[in-house]
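**Student:** Quick one: sequence plus predicted model below, questions after.
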Amino acid sequence: MLYSDMRIILQLLHSHMPVVPTDALKPRKSPRQARSTATVTAIHEATIQVLLSDGMARLTTTRVAQRAGVSVGTMYQYFPHKQALLYAVLDQYLDEVVVAIEEACTRYQGARLCEMSDGLVNAYLNAKLRYLPGSLAPYTVAADLDTARLISDVLQRTDRAIARLLASVPDAGFDDIAAVTFAVRTLLVGTVRASLESDSSPAALAMLRKQLPLMCRAYLVAASRGGVA
């Protein structure tokens, strides 16, 4: 999925549509074969392209179908309206970020604290910055869509992965892993969100990549029982 200008996407996604219940946002069916998966991917890509070129007000399932090169009938097999399209794009994006976190937590299982911390932070940053400005979708779409269930699932998966990782660190211990997990996740999510919303220039992103690992590592060292050996 390719994204371009952050300011454009912010304007496009800040619409005033009424909140749509979660059940009404789910796809009518899920792709089961490679061809249908490719079709849904093309529809997701086309949704972002239409947003960028035509704006939220002009985004329709018909326009997206034309851009994706599929029939309107095919489109409606998966998505009944544009809110469902936006929800699907958001769902896919968030899942990619969580999977990146889960894979990093598995990769650094049993690593020493500083190595583990840096690995987790870098994996999160890579996932969040890969498709700018898609990283802002969770913050802008939530006002228009009922994402409570989706976000809850994302947070639970993220916290489980981080908690398991923290419990495996051989050179540090934590009296309250749940509290530390919450703090680490909040540090990552909050810092990246604030940074992206204020400045997404190459220089700002380079500073984020340098400073966020230091912040997370310093917190974990301070929060560990008895410090790090």
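**Tutor:** Received the coordinates, thanks. Residues are numbered from 1 along each chain as shown.
**Student:** can you give me the strands in the protein?
**Tutor:** Using DSSP state E, the chain contains no strands.
**Student:** now the helices: where do they sit in it?
**Tutor:** Counting by DSSP state H, the chain has helices at residues 6-13, 34-54, 61-68, 72-78, 82-107, 113-129, 137-141, 148-167, 177-198, 202-223.
**Student:** Format the ones you listed as CSV; extra columns: mean neighbour count and mean pLDDT.
**Tutor:** For glycine as for every other residue, the C-beta is placed from the backbone atoms N, C-alpha and C. Shown next, in CSV, are those (neighbours: other CB atoms under 10 Å; pLDDT from 0 to 100):
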stretch, mean neighbour count, mean pLDDT
helix 6-13, 17, 44
helix 34-54, 17, 79
helix 61-68, 19, 90
helix 72-78, 15, 87
helix 82-107, 19, 89
helix 113-129, 20, 96
helix 137-141, 19, 53
helix 148-167, 16, 94
helix 177-198, 16, 93
helix 202-223, 14, 96
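**Student:** if I look at residue 44, how far off is residue 72?
**Tutor:** Separation of residue 44 from residue 72 (CB to CB, to the nearest Å): 17 Å.
**Student:** what's the answer for residue 54, then?
**Tutor:** Relative to residue 72, and taking CB to CB, residue 54 is found at 17 Å.
**Student:** Residue 157 now?
**Tutor:** 35 Å.
**Student:** nearest spatial neighbour of the residue nearest the centre of the chain, skipping sequence neighbours?
**Tutor:** The structure's the chain has its C-alpha centroid closest to residue 94; by CA atoms, centre = their mean the separation is 3.4 Å. Take residue 94 and drop its neighbours on the chain: the residue closest to it by CB to CB, 6 or more residues apart in numbering is residue 154, 5.1 Å away.
**Student:** now do residue 70
**Tutor:** For residue 70, ignoring the flanking residues on the chain, the nearest one in space by CB to CB, 6+ apart is residue 39 at 6.0 Å.
**Student:** list the contacts for the one you found?
**Tutor:** 31, 68, 70, 74, 78 (CB atoms under 8 Å, 6 or more residues apart in numbering).
**Student:** Now do the phi/psi pair for the third one.
**Tutor:** Here the main-chain torsion angles of residue 70 (degrees, to the nearest 10) amount to phi -120, psi 160.
**Student:** which residues touch it?
**Tutor:** Residue 70 makes contacts with 39, 42, 43, as judged by CB under 8 Å, 6+ apart.
**Student:** Same question for residue 68.
**Tutor:** Neighbour list for residue 68: 39, 42, 43, 45, 46, 75 [criterion: CB under 8 Å, 6+ apart].
**Student:** Just the closest of these to residue 126, please.
**Tutor:** Taking CB to CB as the measure, residue 126 sits nearest to residue 45 out of these, at 20.7 Å.
**Student:** do you know how far that closest one is from residue 151?
**Tutor:** 24 Å.
**Student:** same check, this time on residue 187
**Tutor:** 18 Å.
**Student:** Relative to residue 91, how far out is residue 153?
**Tutor:** 10 Å.
**Student:** Spatially nearest residue to residue 113, not counting backbone neighbours?
**Tutor:** Residue 113's closest residue in space is residue 172 (CB to CB, 6+ apart), at 4.5 Å.
**Student:** now residue 60
**Tutor:** Residue 60's closest residue in space is residue 82 (CB to CB, 6+ apart), at 6.4 Å.
**Student:** That neighbour against residue 61, yeah?
**Tutor:** Yes. Residue 82 is in contact with residue 61 according to CB atoms under 8 Å; the separation is 6.1 Å.
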